[in-house]
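Student: Sequence first, then the predicted structure, then my questions.
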Amino acid sequence: MNEVEAGRRLRTLAKEIARHNRLYHDRDAPEISDADYDALLRENAALEAEYPQLIRADSPSRQVGAAPSTVLAKVTHARPMLSLENAFSGEDVHEFVRRVRRFLSLAEAEPVALTAEPKIDGLSCSLRYEKGQLVLAATRGDGAVGEDVTPNVRTIGDIPQQLSGAPEILEVRGEVYMSKADFAALNQRQAESGGKVFANPRNAAAGSLRQKDPAITAARPLRFLAHGWGELSEPLGTTQTEAVDRLRALGFPIDQRVVRCPDADAALAHYAAIEHERADLPFDIDGVVYKLDRLDWQERLGFVGRAPRWAIAHKFPAEKAETTLERIEIQVGRTGKLTPIGRLTPVGVGGVIVSNVTLHNRDEIGRLALREGDRVRIQRAGDVIPQVVENLTPDEPRAPFVYPDHCPACGSEAVAEEGEVDIRCTGGLICPAQRLERLKHFVSRGAMDIEGLGEKTIVEFVEAGLVEKPSDIFRLRREQILGREGWKEKSVDNLLAAIEGRKGFDGARLLFGLGIRHVGIVTARDLLKCFVTIEALESAAQGETGIAELSAVEGVGPVVAEAVHDFFHEPHNREEVAALLELARPAPFVSQARETEWSGKTIVFTGSLETMSRDEAKAQAERLGARAAGSVSAKTDLVVAGPGAGSKLKKAEELGIRVATEEEWARIVAEA
Ligand SMILES: NC(=O)c1ccc[n+]([C@@H]2O[C@H](COP(=O)([O-])OP(=O)(O)OC[C@H]3O[C@@H](n4cnc5c(N)ncnc54)[C@H](O)[C@@H]3O)[C@@H](O)[C@H]2O)c1
Ligand SMILES: [Zn+2]
């Protein structure tokens, strides 16, 4: 991999890992296994080690968790709540100790004692006591800012409300978790009452704590184990062991498997013992945490990036089992992505019964040469969605699995983009699997922006069968809506007037609203700047030289060209577009640009803007006749940088490109 490729890969990794962090930490709904997630992190770390100059401001190696949810109040931690580095082998653990020795310049003979303890699979929580009273409880959030869960935490029996003989300020940190037995019973109750069934104890604990109603938390069997601390007005001891003993004496639950080990080998022996016991433990664990016992050493080591240098989590290997792959089914996601799912003969893996696996994509099926009927080895890594790691019967004669080239939900053609493994349905507008998301996008503020037709209403209309595709919005009749619950005459009239008002609307916004892959509002404008009407664009896209013609448009590359071509290639889409054009009659493109000194220039906006949205800034640039671009190059004429600007600003400075603040930009606009 060369430097350019590495930079590109790092960008992809940053985006992907951030997405998985949100899914896992914020939404409690991971899409990939922890083992796959950890592999992404390791790939990122290896690339950063090779190309330190490419380390991004938003690098996953510097981030903890995910931003706090907006449902709960935010709490800025007095001391950050960090993550842990991972070790996957005994050798990794020895290397950790060697790193510590080097950092502290320890003599050969100097022993390095560690504590070893189970890594509880819950969610971390910080409890703040002032003068012995519990005053604040917070989740980790992104490490710097967490969520205020004080009223909820007050309902957890394991957590003392009052302490005697505690330091004046004491922040205790530990894990809120649910025992396996309580989790099973809760899920049973939830299923019987038609409530949410949780994927695993960690999700159940997180879902029970990270919500607004303390009565719900109180009804859930949450528990707590302390394993560390944050701000302190006086030390708890001189070693980790002493400090933990002190916390226990103050009344905090501490797991009995926390032990002091004189060296790494002793710690590894304790790891083996805990791993042996794992299945019988009352709660889920995903590894063993080692910490330096001496607190003065912990202090000197401090932390780097997202984790302390003085601790490491030794993860357990994934659990495996063998079974039969009975069927391969293709699911269509909300964005049209086809995902193969394996239906298995149910089998127990690490304490849960597994009957489905994700097969990721077509390439993965090819790599494992999977066919319906094969025996497979599956793996579950303390996670929700297990995966196939090996085909045990690749040589048995069996018909190969034929991957569909049409969408099972709507019958449209399904294609892979150049260089991409994912296969997508091209029938976006008419595909039932994508219906809701497409419609939400169509009416959204950046697209048709129909007042009174928000996401909620779209969901209502789709569920009622009133709307299936965008053109149906223009077919809505008064009597269809009137008489529905919550709709008064006035609101129906307002809605119909708003829809009526969108006839003859900006063609670029309608084109953007179609949700063609890679066609954002800027690209939609670029396309119509050249073709003027959607009809003209459509016939160009369908022509023999369509892709070449589209690629030649200023601001449009081959990827966009191909996506537009694929979209108009699909007869269902053409039919729907024709109906839309007939009903909505969008306006042909009229350039809003004036002739100014900025005409034809290229401007890049980076960082956050405070007085306007990014979209507004781009629109301003366009009105000056300039083009808003996404990345800085030698052809850039101006970079407008707000707070938090990173690599783009750096690049502009390197290239000697003019840089303006948001305020200066506002002046440029006013004066042009
Ligand atoms: N599957 C996914 O999409 C996905 C996404 C993000 C994270 N993850 C998984 O989540 C984990 C990463 O999350 P993370 O950043 O919270 O790191 P982590 O959970 O691996 O380790 C840090 C946390 O461990 C907790 N912990 C539990 N027992 C402890 C003990 N005895 N001593 C000290 N700390 C203890 C602490 O709360 C600490 O915040 C990994 O296992 C990763 O695989 C998975
Ligand atoms: Zn489809």
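Tutor: It's in. A quick note: this is a predicted structure, and the numbers were derived from the prediction, not measured. Numbering: from 1, shown residues only. Ligands and ions are numbered 1, 2, ... in the order given.
Student: Which residues outside the host helix or strand of Ala628 are in contact with it?
Tutor: Secondary structure assignment for Ala628, by DSSP states H and E: strand 627-629. Residues outside strand 627-629 that contact it (C-beta atoms under 8 Å, 6 or more residues apart in numbering) are 522, 554-555, 600-605, 617-618, 621-622, 636. C-betas here are computed from N, CA, C, even on glycine.
Student: cutoff 10 Å now
Tutor: 522, 525-526, 529, 554-555, 593, 598-605, 614-615, 617-622, 635-637, 639-640 (C-beta atoms under 10 Å, 6 or more residues apart in numbering).
Student: Output the below-cut-off pLDDT ranges for the stretch 451-600 of the chain.
Tutor: Along the stretch 451-600 of the chain, the parts satisfying pLDDT under 70 run over 591-594.
Student: Do a quick rundown of the helices in it.
Tutor: 455-463, 470-473, 478-481, 489-500, 507-513, 521-531, 534-542, 546-551, 558-569, 571-584 (DSSP state H, counting those that start in this stretch).
Student: Could you pull out the buried residues of the helix or strand just after the last one?
Tutor: Using DSSP H and E, the next helix or strand after helix 571-584 towards the C-terminus is strand 602-606. Within strand 602-606, the residues scored as buried using 16 or more other C-beta atoms under 10 Å are Thr602, Ile603, Val604, Phe605, Thr606.
Student: swap in stretch 651-670?
Tutor: Quick answer for stretch 651-670 (16+ other C-beta under 10 Å): Lys651, Ala652, Ile657, Val659, Glu662, Trp665, Ala666, Ile668, Val669.
Student: Now find how far off-centre that stretch is within its chain.
Tutor: Offset of stretch 651-670 from its chain centre (C-alpha atoms, centre = their mean, to the nearest Å): 32 Å.
Student: can you tell me the distance between the two ends of that stretch?
Tutor: Start and end residues of stretch 651-670 are separated by 27 Å (C-alpha to C-alpha, to the nearest Å).
Student: ok, and what's touching that stretch?
Tutor: Outside stretch 651-670, the residues that touch it by C-beta under 10 Å, 6+ apart are 596-598, 602-612, 617, 620-621, 623-624, 626, 631-643, 645, 648-649.
Student: can you check stretch 14-24 too?
Tutor: Here stretch 14-24 makes contact (C-beta under 10 Å, 6+ apart) with 29-32, 34, 36-37, 40-41, 43-44, 56-61, 63-67, 142, 202-203, 206, 383-384.
Student: One more pass at 8 Å, please.
Tutor: Residues contacting stretch 14-24 (C-beta under 8 Å, 6+ apart): 29-32, 37, 40-41, 44, 56, 58-60, 63, 65-67.
Student: so what's Lys648 closest to, chain neighbours aside?
Tutor: Distances taken as C-beta to C-beta, 6 or more residues apart in numbering put Thr606 closest to Lys648, at 4.0 Å, once the chain neighbours are dropped.
Student: brain fart, Gln387
Tutor: Leaving aside its sequence neighbours, Gln387 sits nearest to Val357 (C-beta to C-beta, 6+ apart; 5.5 Å).
Student: Distance-wise, check that neighbour relative to ligand 2.
Tutor: Look at Val357 and ligand 2: by C-beta to the ion, to the nearest Å, they are 23 Å apart.
Student: what sits against Val100?
Tutor: Leu106, Val112, Leu292, Trp297, Leu301, Arg309, Trp310 are the contacts of Val100 under C-beta under 8 Å, 6+ apart.
Student: Please, where are all the helices along the stretch 301-450 of the chain?
Tutor: Listed in chain order, the helices of the stretch 301-450 of the chain (DSSP H, counting those that start in this stretch) span 362-367, 435-443.
Student: what's the most buried one of the ones you listed?
Tutor: Most buried of these by mean neighbour count (mean count of other C-beta atoms under 10 Å) is helix 435-443; its value is a mean of 21.
Student: what's the average pLDDT for that helix?
Tutor: Mean pLDDT, computed over helix 435-443, is 88.
Student: With stretch 357-366 instead?
Tutor: pLDDT averaged over stretch 357-366 gives 89.
Student: do stretch 159-174 as well
Tutor: The pLDDT scores in stretch 159-174 average 97.
Student: Distance from the chain centre to that stretch, please.
Tutor: The answer for stretch 159-174 is 34 Å, by C-alpha atoms, centre = their mean.
Student: is ligand 1 contacted by it?
Tutor: No. Counting by C-beta under 6 Å from any ligand atom, ligand 1 is not contacted by stretch 159-174; separation bottoms out at 7.2 Å.
Student: And for that stretch, what's in contact with it?
Tutor: 78-79, 81, 124-134, 137, 153-154, 224-234, 236, 247, 250-252.
Student: So which of these sit within helices?
Tutor: Counting by DSSP state H, the contacts of stretch 159-174 place Val153, Leu247, Leu250 in helices.
Student: nearest to ligand 2, of those?
Tutor: If you rank those by distance to ligand 2 using C-beta to the ion, Val153 comes first, at 45.7 Å.
Student: for that closest one, what are its contacts?
Tutor: Applying C-beta under 8 Å, 6+ apart to Val153 gives the contacts Cys125, Leu127, Leu134, Ala137, Ile159, Val176, Leu209, Thr217.
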